[in-house]
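**Q** Provided below for reference: sequence and predicted model.
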Amino acid sequence: MADIGIDLGTATVLVYDSVKGLLIKEPSVVAVDASTGEVLKVGEEAFKMIGRTPDRIRALYPLKDGVISDFDQTEQMLRHFLKKASESTLSKPRVCICVPSGITGVESRACVNAAVSAGARKVYLIEEPVAAAIGAGIDITQPDGHMVVDIGGGTADIAVISLSGVVESASIKIAGDQLNEAVVKYMRRKHNLLVGERTAEEMKKQIGCVFPKDEEETMDVKGRCLLTGLPKVVTVSSMEMMDAFEEPVERIMEAVHQVLERTPPELVADISSNGIVMTGGGSLIRGFDKLVTARTGIHTTVADDAISCVVLGTGKSLDSLNAMQDGTMNLSRRKQMT
């Protein structure tokens with residue numbers, strides 16, 4: 001019976017099978033009937049409905065800031081993905097779920113309950129930065145300090161890891177979603193243009209940058225003019241995106257700085273030679289690694305498969321589930337809950 005690893009992200013859900021590898025990578029969106037609460041579509045199909053639904057249908061993200069905000073919808077979504085991942089098996093799988101490093105006991109219990117209700121036999125939790133480090137190919141079992149900056153959809157998790165545990169960490173609710181919100185606010189303030197969440201996401205991916213580039217890129221953005229109420233097209237440059245991102249990016253940089261300040265000097269020396277590794281979708285914004293390098297003086301790189309790092313790390317840690325159960329390998333305060 002295959003074990004399953006899940007990166008239950010605010011923006012994307014990734015599911016990893018211990019035998020088949022990465023199986024599912026879909027937006028964490030659920031479309032529900034507003035009157036009955038019945039789930040109509042999940043994942044990719046529900047994502048296409050965002051901003052385009054009639055009154056009777058609501059397309060929503062059941063997770064906010066890295067934690068469950070709507071328990072029932074999260075459970076339905078998990079059930080859908082677990083069923084999709086283990087179609088041929090009758091028995092219930094063991095599931096390992098990633099959670100933000102600053103998660104509370106109540107929030108982690110909600111995660112476990114949702115997974116059990118969705119059909120998991122046993123549930124294990126692993127902190128996102130630890131999973132990201134494993135997925136990025138870092139050997140976390142050594143007495144050697146490594147720093148991981150994981151910028152997801154709802155949270156940015158920064159952690160210093162040594163000897164399979166988190167030494168210092170910070171989890172802030174500033175990440176991809178807040179960067180999108182910053183773009184929407186900027187377009188309204190600067191261009192009197194109202195753009196949707198999906199357009200902001202598209203702008204972030206195409207021309208988003210946080211460090212000055214050699215050549216500027218532009219993009220034509222369609223939206224509704226706030227003055228006339230009519231459709232309007234505006235050309236936006238990558239430099240403007242830098243302005244839009246300034247405040248949330250500054251908050252992330254502050255968190256990185258604070259974690260470094262609290263880290264023991266021996267580990268800071270290790271990090272200085274090992275460098276900082278960035279993972280998560282937010283780290284793919286152009287120039288983020290250069291910005292961290294410039295501000296900390298420590299060489300920073302983006303992991304090869306930044307978006308899938310967390311779920312790959314969860315997948316690799318599935319091999320040690322048996323060890324975790326009897327408490328001999330308690331990776332980063334990982335808990336087994338049934």
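**A** Yes, it's here.
**Q** Pass me the low-pLDDT residue ranges in the chain, would you?
**A** The model of the chain has pLDDT under 70 over residues 1, 87-90, 321-338.
**Q** go with 80
**A** Low-confidence segments of the chain (pLDDT under 80): 1-2, 86-91, 102, 319-338.
**Q** Now do the strands in the stretch 1-150 of the chain.
**A** 4-8, 12-17, 21-27, 30-33, 39-42, 57-60, 63-64, 67-68, 94-99, 122-127, 146-151 (DSSP state E, counting those that start in this stretch).
**Q** domains for this protein, by residue range?
**A** Domain assignment for the chain by automatic domain parsing gives 4-131+310-337, 136-174+249-306, 176-244.
**Q** In JSON lines: those domains, plus mean neighbour count.
**A** The C-beta positions use only the backbone N, C-alpha and C, and glycine is treated the same way. As requested, these are exported to JSON lines (neighbours: other C-beta atoms under 10 Å):
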{"stretch": "domain 4-131+310-337", "mean neighbour count": "19"}
{"stretch": "domain 136-174+249-306", "mean neighbour count": "20"}
{"stretch": "domain 176-244", "mean neighbour count": "17"}
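**Q** the longest helix in this protein is where?
**A** helix 238-262 (DSSP state H).
**Q** tell me which strands and helices that one is in contact with?
**A** strand 146-151, strand 156-162, strand 165-172, helix 176-191, helix 197-207, helix 288-296 (3 or more C-beta pairs under 8 Å, 6 or more residues apart in numbering; DSSP states H and E).
**Q** The second one pairs with which strands, parallel or anti?
**A** Put plainly, it is strand 156-162. strand 146-151 (antiparallel), strand 165-172 (antiparallel) (DSSP bridges).
**Q** how about the ones you listed, which one is nearest V13?
**A** strand 146-151 (15.9 Å; C-beta to C-beta).
**Q** what angle sits between the closest one and helix 288-296?
**A** 130 degrees (axes from the mean of the first three to the mean of the last three C-alpha atoms, to 10 degrees).
**Q** what does strand 146-151 rub up against?
**A** 128-129, 132-133, 136, 138, 140, 156-162, 175-176, 252, 256, 259-260, 263, 270-271, 274, 276-283, 288, 292, 298, 300, 309-310 (C-beta atoms under 8 Å, 6 or more residues apart in numbering).
**Q** can you give me the angle it makes with helix 176-191?
**A** Between the axes of strand 146-151 and helix 176-191, defined by the same axes, to 10 degrees, the angle is 50 degrees.
**Q** circling back to that earlier point, TSV for the helices and strands packed on helix 238-262, including distance to V95?
**A** Converted to TSV, the helices and strands packed on helix 238-262 look like this (distance: least, C-beta to C-beta, whole Å):
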stretch	distance to V95
strand 146-151	20
strand 156-162	20
strand 165-172	22
helix 176-191	24
helix 197-207	28
helix 288-296	31
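**Q** Noted, bye for now.
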